[in-house]
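# I would like to see how this sequence folds:
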Amino acid sequence: MADVTSQRGYPPCELLEQRKPLGVVGGMGTLATAKFLEVLAQNSRVERDQDHIPFIALSLPNITDRSQAISVGSDAPLRQIVERANWLEKAGCGAIAIPCNTAHFWDSQIAQALSIELINLKETTREAIYESCGNEPHDCRIIVIGTRATMQHSLYPQTTVDRFGNSFSQRLKRLQDAAVKIIADVKAGHITRAKSALTHLILEIRTYKPDIIVLGCSELSAISGSLADDGDIVDPINILADACIHWWKNGD
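Predicted coordinates for the structure are as follows:
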């Protein structure tokens, strides 16, 4: 078949430069993916369109719920995520980013299925937590909020509840339920309600005087606004974006 662009008098379009673009496995959820791409653009701090990081984002949201799958011992999301990551690799991407915390429950299996780098949200966030704690996380009081799987399976370092006192231990389940409800509201588009609830949740958590609060779900990052700039907040989506920028600037 003849090149349609040539038939219409347009020159062929060179889609890819010499360097391979970033591949983004999105859709977990869609707003969270959009937030990551926004942060990626903002944090790049470049002056021209041409200097931004090239990326191919594949947002096919029909991926099995990650938290539910983990709770029943299913690896269905792993197979679906790898399928999308492999598609991006075949499309010519040079590294893969996945702006979903819970998906990194399977980070080692995903990395093994690729022949290109997985820019690992979980590992870069753990490094940021260690750095914030002076490389002594056991001396820090850390509270993680996110999906049930993220909170219950220790995706990130978190302090045992006894260090926050009996009252915190008794209220922990309610705090977890509140975080899960906020995430569900974001996915359903109830953004105003979710933002208000997140602000109140953070304020309540701060009454227990943690050193670090980890926004362990990208839906929370998507609505965090100025909260993410506070010194006690660790935002994995910001950290992932900066890791992708570092990969691009230090690549061949």
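# the stretch 151-252 of the chain: strands as residue ranges?
212-216, 233-234 (DSSP state E, counting those that start in this stretch).
# in which helix or strand does the one residue sitting closest to the centre of the chain reside?
For the chain, residue 99 is the residue whose C-alpha lies nearest the centre (CA atoms, centre = their mean; 3.2 Å). Using DSSP states H and E, residue 99 falls within no helix or strand.
# verify the stated contact: it with residue 218.
Yes. Counting by CB atoms under 8 Å, residue 99 touches residue 218, with 5.2 Å between them. For the C-beta atoms, the positions are set from N, CA and C on the backbone; glycine is no exception.
# which neighbours do those two share?
Here residue 99 and residue 218 have 28, 32-33, 35-36, 237 as joint contacts, going by CB atoms under 8 Å, 6 or more residues apart in numbering.
# out of the residues you listed, which sit inside helices?
In helices, defined here by DSSP state H, the members of the shared contacts of residue 99 and residue 218 are 32-33, 35-36, 237.
# how much space separates the closest residue in space to residue 169 that isn't next to it in sequence from residue 175?
Leaving aside its chain neighbours, residue 169 sits nearest to residue 161 (4.4 Å; criterion: CB to CB, 6 or more residues apart in numbering). From residue 161 over to residue 175 the distance is 10 Å, taken as CB to CB, to the nearest Å.
# in contact with residue 183, which residues?
Contacts for residue 183 (CB under 8 Å, 6+ apart) come out as 146-147, 217, 219-220.
# could you redo the last one with a cut-off of 7 Å?
The contact partners of residue 183, taken as CB atoms under 7 Å, 6 or more residues apart in numbering, are 147, 217, 219-220.
# can you name the two of those residues that are farthest apart?
Taking CB to CB as the measure, the contacts of residue 183 span a maximum distance of 9.6 Å, between 147 and 220.
# thinking again about what came up before, including mean neighbour count and distance to residue 118, could the strands of the stretch 151-252 of the chain go into a markdown table?
Output for the strands of the stretch 151-252 of the chain, formatted as a markdown table (neighbours: other CB atoms under 10 Å; distance: least, CB to CB, whole Å):
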| stretch | mean neighbour count | distance to residue 118 |
| --- | --- | --- |
| strand 212-216 | 25 | 19 |
| strand 233-234 | 20 | 20 |
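# okay, now residue 151: neighbour count?
Number of residues near residue 151 (other CB atoms under 10 Å) recorded here: 23.
# just to revisit the earlier point, what about the residue nearest to residue 169, neighbour count?
Other residues close to residue 161 by other CB under 10 Å number 15.
# got a pLDDT number for it?
As predicted, residue 161 sits at a pLDDT of 76.
# any stretches of the stretch 51-200 of the chain with poor pLDDT?
Within the stretch 51-200 of the chain, the ranges that satisfy pLDDT under 70 run 137.
# what ranges do the helices span in it?
Secondary structure of the stretch 51-200 of the chain (DSSP state H, counting those that start in this stretch): helices located at 66-72, 76-90, 107-112, 121-132, 148-152, 166-187, 191-206.
# which strands or helices does the shortest one pack on?
Based on contacts counted as 3 or more CB pairs under 7 Å, 6 or more residues apart in numbering; DSSP states H and E, the elements that helix 148-152 packs against are helix 66-72, strand 142-146, helix 166-187.
# repeat that for 10 Å
helix 66-72, strand 142-146, helix 166-187, strand 212-216 (3 or more CB pairs under 10 Å, 6 or more residues apart in numbering; DSSP states H and E).
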